[in-house]
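Asks: generate coordinates for the sequence data below:
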Amino acid sequence: MAEGAAEMRDLLGGKGANLAEMSNIGLPVPPGFTVTTEVCTAFYANNRSYPDGLDAQLATALDQVGAITGRVFGDPERPLLLSVRSGARVSMPGMMDTVLNLGLNDATAQALVKETGDARFVYDSYRRFIQMYSAVVLDVAHHLFEDALDDHKLGLGITQDTDMKAEDWRDLVATYKQIVQDELGEAFPEDAKQQLWGGIGAVFGSWQSARAKTYRRIHNISDDWGTAVNVQAMVFGNMGNDSATGVAFTRNPATGEKSFYGEFLVNAQGEDVVAGIRTPQHLTRAAREQAGESDLSLEERMPEAFAELTEAYRKLEAHYRDMQDIEFTIERGKLWMLQTRSGKRTTQAALKIAVDMVAEGLIDRAEAVGRIDPASLDQLLHPSLDPDAPREVLTRGLPASPGAGTGEVALTPEKAEEMAAAGKSVILVRTETSPEDIHGMHVSAGILTSRGGMTSHAAVVARGMGKPCVSGAGAIRVNAAEGGFEVAGRKIAEGDVITIDGSTGEVILGAVPMIQPELSGDFAALMGWADEIRRLKVRTNAETPEDARTARQFGAEGIGLCRTEHMFFEGNRVVAMREMILAEDEAGRRAALAKILPMQRDDFVQLFTIMAGLPVTVRLLDPPLHEFLPHKDSEFAEVAAAIGCDVAELRARASDLAEANPMLGHRGARLGISYPEIYEMQARAIFEAALTAGAQTGAPVTPEIMVPLIATRKELEILKARIDAVAAEVGKEKSASLSYHVGTMIELPRAALRAGEIAEQAEFFSFGTNDLTQTTYGISRDDSASFLNDYLRAGIFTQDPFV
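Replies: Numbers count the residues shown, from 1 in each chain. Just a heads-up that it's a prediction; the model follows:
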């Protein structure tokens, strides 16, 4: 029995806690130990030095692992080899470092050759260790080793690693050591203990790597948690054709379908699958046949190990009551479990899994609702490809993460960031992705790779981000040096537009029309359960009939904010608005407002009708008047002609209205005080529309009128009295009684502090967090980009105050 358990993830990290849990429920787990997250935080708190006594604890733990395996770490006769892996409390796939085969040196390699009789396996493992350790711990460029391997194969006239013989790998070990000597001016470390400390330090160090920081920022993970380090006895998937390594999911992470899903590689180590360097085979015969491939599945190639793996996944899913992501190795026919964790999944899959598990009795409805990240549901509200639209399919890959994306081709993550910053939609196209690509993946509309399977880095990260991904599109030849890729004899340049369909694996030339989503199936079922449980009501922001209809379709229970200024920027309305602003007296303003009144009334009739008696909160005009004025010469001429004034006079009036600090200027309630006729017109439009819509639908309308930017009780008292007066006028004219509420938006620090006084006049409050944040911090949201990143990097802010 292990000392740890699944609930100890804060101390042991997710990987360490789950390794202990798997061991405790009887699954085959290689023996090992965990260096806790507390050591990591102490490591950083003490200038990257380790706590006292850790050396002795490591020695004791190594002795215990050795006693179980019958091996001794660093021993030249029966050497113990180790894997050193990261494990934060929250899964961060591929973001931190791993070292495999640690403990190999010239002496232990010879001992293993003697023990196993398989020099090819030993020297393949040795060269992997040198390459991985050098890149991760010694910071020697990874490509130097890849280039040396390619050159060696070229000299032998071969293309596949599987064609390399024992002496070839042994020669490559010598070449790799020479690379380290040339790059660092010192030999590759032979001392096993030195190797172990280097590996532990590198894993701790990778917690602060650029890619890990980016991933934490994207997923709102605390920088203070640190990572654990898991040290285990090595098991080998590269010991021959009866050995393998793979990744499996207990359900399909893309669709949520209850089917064993995953991939494996024969005669390989685990990083080969995740890195996407080789395209793996399917686990099941059914998946292989569906894909139309000839390479045998694990079920067909190693039926006994497959049966054991199937039993393990059933046991794990029943134990954790959630879809599991499993890493495994088969060493000479023997199954070993290397990891289990709750699998990353698309929102579509998360919904199906949650709904299905309720039906299966694994979880209840409340737990199903709690498992869905509300923010992730946005993925389901975006359009998908129109199945009837014509398309030119360039090739097909693996449907690694569902959804559709259209954008311009970017071949590097840096280019993707540059293009996205310019407002372009981007598809990141790579041979395969690596953790260093995370920043480019984050800003892209989709990811396309020519290598890698459905459990590769690109697929796992894309699913976690909710982005479409097509992986393993082998017909594509990416050539970054020439600025594009080739497929089916065609050259696609960086900047060309393509579309990918992560649900089918199609790669399509150009843009493809989209269709709007619908609330149905698992989504509708789960949202219905949420309605049974929730205590809050949810409204929408809407100013247009289209937005209001869509919101009702998705269950909105009213409009929480209708920003009336958005209604003034369309067509003839903005001309009438400008005429009102530029009028010299109240009579001129009222004449212009009379033109706007029927337009406003019609807008409100449509919104009230669609909402059919549900509450609608209408915010009266908020922005400063100069925002409605012309800026271009042609616009000045158009407005001057419309209102019959001189262009020079118009420019002078616009200049008079310009403000040094419009955010704190003549806007909101201040406009209503200075120009009461504006709010009077809007109130009349609201009340007349409420009566009309109520008569048409049979559902009485009770509008909620919100006065913006109130700072004092007296402001609201004056404006509420004017709104009440308009209501009385309309009621008398229409011989009808009106039901309505008047409230305000709390968006100034003074209003927040004096809310008790203001509440004496208000029937409801809303909080305007943008302006409240700006005026509390003294930061302009529009100008904060120039320094906000500096504040985040310095740790002054932990996140953007406006988010």
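Asks: residue 441 and residue 262, how far apart?
Replies: For residue 441, the distance to residue 262 equals 22 Å [C-beta to C-beta, to the nearest Å]. Backbone N, C-alpha and C define where each C-beta goes, glycine included.
Asks: pull the residues that contact stretch 724-735.
Replies: Here stretch 724-735 makes contact (C-beta atoms under 8 Å, 6 or more residues apart in numbering) with 680, 683-684, 687-688, 691, 736-738, 740, 742.
Asks: can you list the buried residues in it?
Replies: The neighbour-count check on stretch 724-735 (16 or more other C-beta atoms under 10 Å) flags 726-727, 730 as buried.
Asks: ok, of those residues, which one's closest to residue 361?
Replies: residue 727 (55.9 Å; C-beta to C-beta).
Asks: what pLDDT does that closest one get?
Replies: Residue 727 is assigned a predicted lDDT (pLDDT) of 98.
Asks: which secondary element of the chain has the worst mean pLDDT?
Replies: The least trusted helix or strand in the chain, going by mean pLDDT, DSSP states H and E, turns out to be helix 270-275, with a mean of 70.
Asks: quick check: mean pLDDT across the following helix or strand past that one?
Replies: Remark: after helix 270-275, the chain's next helix or strand is strand 281-282, criterion DSSP states H and E. The pLDDT scores in strand 281-282 average 93.
Asks: what pairs with strand 281-282, and is each one parallel or antiparallel?
Replies: Paired with strand 281-282 in the same sheet, following DSSP bridges, are strand 261-266 (antiparallel).
Asks: residues contacting the residue positioned nearest the centre of the chain?
Replies: Closest to where the C-alpha atoms of the chain average out (C-alpha atoms, centre = their mean) is residue 465, at 3.0 Å. Neighbouring residues of residue 465 by C-beta under 8 Å, 6+ apart: 218, 441-442.
Asks: residues in contact with the strand or helix carrying residue 427?
Replies: Element membership of residue 427, judged by DSSP H and E, is strand 426-430. Residues outside strand 426-430 that contact it (C-beta under 8 Å, 6+ apart): 405-411, 413, 416, 419-420, 437, 440-441, 443-450, 458, 476, 478, 485, 498-500.
Asks: so how far is that strand from its chain's centroid?
Replies: Taking C-alpha atoms, centre = their mean, to the nearest Å, one finds strand 426-430 lying 16 Å from the centre of the chain it belongs to.
Asks: surely residue 777 and residue 801 touch.
Replies: Yes. The pair residue 777 / residue 801 is scored as a contact, 5.8 Å apart, by C-beta atoms under 8 Å.
Asks: between the two, which one's more packed in?
Replies: A count of neighbours by other C-beta atoms under 10 Å puts residue 801 above the other of residue 777 and residue 801, at 16 against 13.
Asks: what ranges does the stretch 551-700 of the chain have for its strands?
Replies: For the stretch 551-700 of the chain, applying DSSP state E, counting those that start in this stretch gives strands covering 559-563, 616-619.
Asks: of these, which is nearest residue 31?
Replies: Smallest distance to residue 31 across those (C-beta to C-beta): 57.0 Å, for strand 559-563.
Asks: can you report how many residues neighbour the residue nearest to residue 667 when sequence neighbours are not counted?
Replies: Using C-beta to C-beta, 6 or more residues apart in numbering and skipping residues adjacent in sequence, the residue nearest residue 667 is residue 624, 4.4 Å away. Look at residue 624: counted by other C-beta under 10 Å, it has 21 neighbours.
Asks: what values do phi and psi take at residue 624?
Replies: Torsion angles at residue 624 (phi, psi; degrees, to the nearest 10) stand at phi -60, psi 150.
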